[in-house]
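In: After the sequence you'll find the predicted model.
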Amino acid sequence: MKRDGVVFRGTREGVLVLLDDKTDYQSLKAALFERLRESPSFFRGHGIILDTGSRSLEPGQLVELEEMMSSNFGVHLEKVVHGPCSGASANPPHRPQGSEKPADGQGDARQTLLIKRTLRSGQRVGYDGNVVILGDANPGSEIVATGDIVVVGALRGVAHAGATGDENAIVASLKLAPTQLRIAGRIARPPEGTGSAPRGPEVARISSDGIVVEAMSWIAGG
Amino acid sequence: MGEAYVITSGKGGVGKTTAVANIGTALAMTGAKVAMVDADIGLRNLDVVMGLEQRIVYDLVDVVEGYCRLKNALIRDKRVDGLHLLPAAQTKDKTAVRPEQMKKLVGELKKEFDFVIVDCPAGIEQGFRNAIAGADRALIITTPEVSAVRDADRIIGLLEATELPPPRLIVNRLRPRLVNRGDMLDVQDIVDILAIELIGVVPEDDIIVVSTNKGEPAVLLNSSRAGEAYRNIARRILGEQVPFMTLDAREGLLGRLKRFVGLGDR
């Protein structure tokens, strides 16, 4: 479905619009306009997520695109992401790479969604790819990702990594204290009654015994 | 031009109405002109807590629907100069008013008053949206309970989606003795989760129950610890730097003295 440098893809969160890296801005803008014009009623009132790839749009261009979409088609820009993520560094080093085929059939080039705020009660993030939260995920919040989940802050809500079945997915957090943790089809919750606070960065993964949590020793230095 | 505050919590029963009554009264005691607005249409309470129930002629919905002028519906409190109440309607429900109407109403009040304090209903539905519509700032009130903190967090999330500046936090009904025993969330736990600025901590105080039933805000009583906490909150709203009260169960000199002479409570 690639054409004119603009690709539309449905995700759990809404419509993701990928902008091709090699096409120039004016053509992309025109192509985006065309595509929205073809089926205005489908998009009206919905939010889209703009993925600018490795391109970085100038602030003015972003505003222009947003304005064009909202005034002509009633489409609002939900967020802007840059993908694909800049390599395998987001994954733990001893994890076998590419052993699981991601659901979107894109090989290993899984997208990463970066959220730079605290997720509060009642807020939910669902993403086809990895999710990184720079902030806390509070009790009552929910993160669902087909890939890994990393919370750079305290994870106190519900997290579901590998939501489409990837058993190699991990959940990592500076303070891993979730209400409930799910990886692929497994569900774990913290042992009841123990008020033991996590001592440092931890990571949860699936082992032969189910979901296990261990210190992120390669970061914390033992 | 005055400033409009909304006091909100998400969860019911954590002390929104009491907070509005006390903060509104305390602000007026400093000489400010204050209008308290009860946005809890259908479940009006602020008039009762203020002891002004018998003086209601018109209400907020009457004003919005044009049955009366704003100044006809405002009730002037006789105890404190400059303190006014706009009561909610009791026979309607939240859908009787739309957010734009509330915004207009609060805008008109701001021309006349230094502070407009809106009492928000519990919940996150239309009543909440009405209450925050005209506000310039929000105060979140919570009690040291997991459920109340959870709801406060939800409300903060909803407020973040508006243009309001980050809300400030009131922790209500703190019981230092329970906190010291490790049986109650302490203020720091709550601030860690909610990550907003603390503007006041109000200790549990039996006087609140009495004053609420009598329609006499606790800030009018010198003996009330909760009243003192609310007076401090009012001063912080006015921009003063007021140190937080020591709420340690091992009280200050006065407490020890009281216990020594057998006046200590509990």
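Out: Good, I have the coordinates. Numbers count the residues shown, from 1 in each chain, chains lettered A, B, ... in the order given.
In: Please give the number of neighbouring residues around A:G165.
Out: 11 (other Cβ atoms under 10 Å in any protein chain shown). Yep, even glycine has a C-beta here, placed from its N, CA and C like the rest.
In: helices or strands next to the helix or strand harbouring A:Q61 in the packing?
Out: If you go by DSSP states H and E, A:Q61 is part of helix A:59-73. With contacts taken as 3 or more Cβ pairs under 8 Å, 6 or more residues apart in numbering or on different chains; DSSP states H and E, helix A:59-73 sits against helix A:25-38, strand A:47-51, strand A:76-81.
In: any idea of the angle that helix forms with strand A:76-81?
Out: Angle between the axes of helix A:59-73 and strand A:76-81 is 150 degrees (criterion: axes from the mean of the first three to the mean of the last three Cα atoms, to 10 degrees).
In: can you pull the buried residues of helix A:59-73?
Out: A:Q61, A:L65, A:E66, A:M69, A:F73 (16 or more other Cβ atoms under 10 Å in any protein chain shown).
In: same question, stretch A:116-128
Out: Under 16+ other Cβ under 10 Å, the buried positions of stretch A:116-128 are A:T118, A:L119, A:R120, A:S121, A:G122, A:Q123, A:V125, A:G126, A:Y127, A:D128.
In: Could you do stretch A:165-182 as well?
Out: Burial within stretch A:165-182, assessed by neighbour count using 16+ other Cβ under 10 Å, is assigned to A:166, A:168-179, A:181-182.
In: Just the CA coordinates for it, please, in PDB.
Out: What follows is stretch A:165-182, C-alpha atoms only, in PDB (Å, rounded to 0.1, in the frame of the first residue of the first chain):
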ATOM      1  CA  GLY A 165       2.400 -13.600  21.800                       C
ATOM      2  CA  ASP A 166       6.100 -12.600  21.800                       C
ATOM      3  CA  GLU A 167       7.500 -14.600  24.800                       C
ATOM      4  CA  ASN A 168      10.900 -12.900  24.500                       C
ATOM      5  CA  ALA A 169       9.400  -9.600  25.300                       C
ATOM      6  CA  ILE A 170      10.500  -7.900  28.600                       C
ATOM      7  CA  VAL A 171       9.300  -5.300  31.000                       C
ATOM      8  CA  ALA A 172      11.900  -3.200  32.600                       C
ATOM      9  CA  SER A 173      11.600  -0.400  35.100                       C
ATOM     10  CA  LEU A 174      13.700   1.700  37.500                       C
ATOM     11  CA  LYS A 175      11.200   0.700  40.100                       C
ATOM     12  CA  LEU A 176       9.200  -2.400  39.200                       C
ATOM     13  CA  ALA A 177       6.200  -2.400  41.400                       C
ATOM     14  CA  PRO A 178       3.300  -3.200  39.000                       C
ATOM     15  CA  THR A 179      -0.300  -4.000  39.900                       C
ATOM     16  CA  GLN A 180       0.000  -6.800  37.500                       C
ATOM     17  CA  LEU A 181       2.500  -7.800  34.900                       C
ATOM     18  CA  ARG A 182       1.800  -9.700  31.700                       C
END
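In: just to revisit the earlier point, how far does the helix holding A:Q61 sit from its chain's centre?
Out: Centre-to-centre, helix A:59-73 and its host chain are 24 Å apart (Cα atoms, centre = their mean, to the nearest Å).
In: and what of stretch B:77-97?
Out: With Cα atoms, centre = their mean, you get 14 Å for stretch B:77-97.
In: got the end-to-end distance for that stretch?
Out: This stretch, stretch B:77-97, spans 25 Å end to end (Cα to Cα, to the nearest Å).
In: Let me know the pLDDT of the closest residue to B:F244 other than its chain neighbours.
Out: Of all residues not flanking B:F244 in the chain, B:V201 sits nearest, at 6.1 Å (Cβ to Cβ, 6 or more residues apart in numbering or on different chains). What the model reports as pLDDT for B:V201 is 97.
In: count of neighbours near B:V201?
Out: B:V201 has 22 neighbouring residues, counting by other Cβ under 10 Å.
In: Got the phi and psi for it?
Out: Torsion angles at B:V201 (phi, psi; degrees, to the nearest 10) stand at phi -120, psi 120.
In: neighbouring contacts of whichever strand or helix holds B:Y230?
Out: Per DSSP H and E, B:Y230 falls inside helix B:225-237. Residues outside helix B:225-237 that contact it (Cβ atoms under 8 Å, 6 or more residues apart in numbering or on different chains) are B:5, B:19, B:22-23, B:26-27, B:29-30, B:115, B:170, B:199-205, B:207-208, B:211, B:217-221, B:242, B:244-245.
In: Kindly format the C-alpha coordinates of it as CSV.
Out: Written as CSV, here are the backbone C-alpha positions of helix B:225-237 (Å, rounded to 0.1, in the frame of the first residue of the first chain):
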residue,chain,number,x,y,z
ARG,B,225,-6.2,22.3,63.9
ALA,B,226,-8.0,21.7,60.6
GLY,B,227,-9.2,25.3,60.6
GLU,B,228,-5.6,26.4,61.1
ALA,B,229,-4.5,24.2,58.2
TYR,B,230,-7.1,25.7,56.0
ARG,B,231,-6.1,29.3,57.0
ASN,B,232,-2.6,28.4,56.0
ILE,B,233,-3.8,27.1,52.7
ALA,B,234,-5.6,30.4,52.1
ARG,B,235,-2.4,32.3,52.9
ARG,B,236,-0.5,30.1,50.4
ILE,B,237,-3.1,30.8,47.8
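In: Flag every buried residue along it.
Out: Neighbour counts using 16+ other Cβ under 10 Å place B:225-237 of helix B:225-237 among the buried residues.
In: what's the model's confidence in it, averaged?
Out: Helix B:225-237 comes out at a mean pLDDT of 97.
In: next one: that helix to chain centre, how far?
Out: On Cα atoms, centre = their mean, the centre of helix B:225-237 falls 11 Å from that of its chain.
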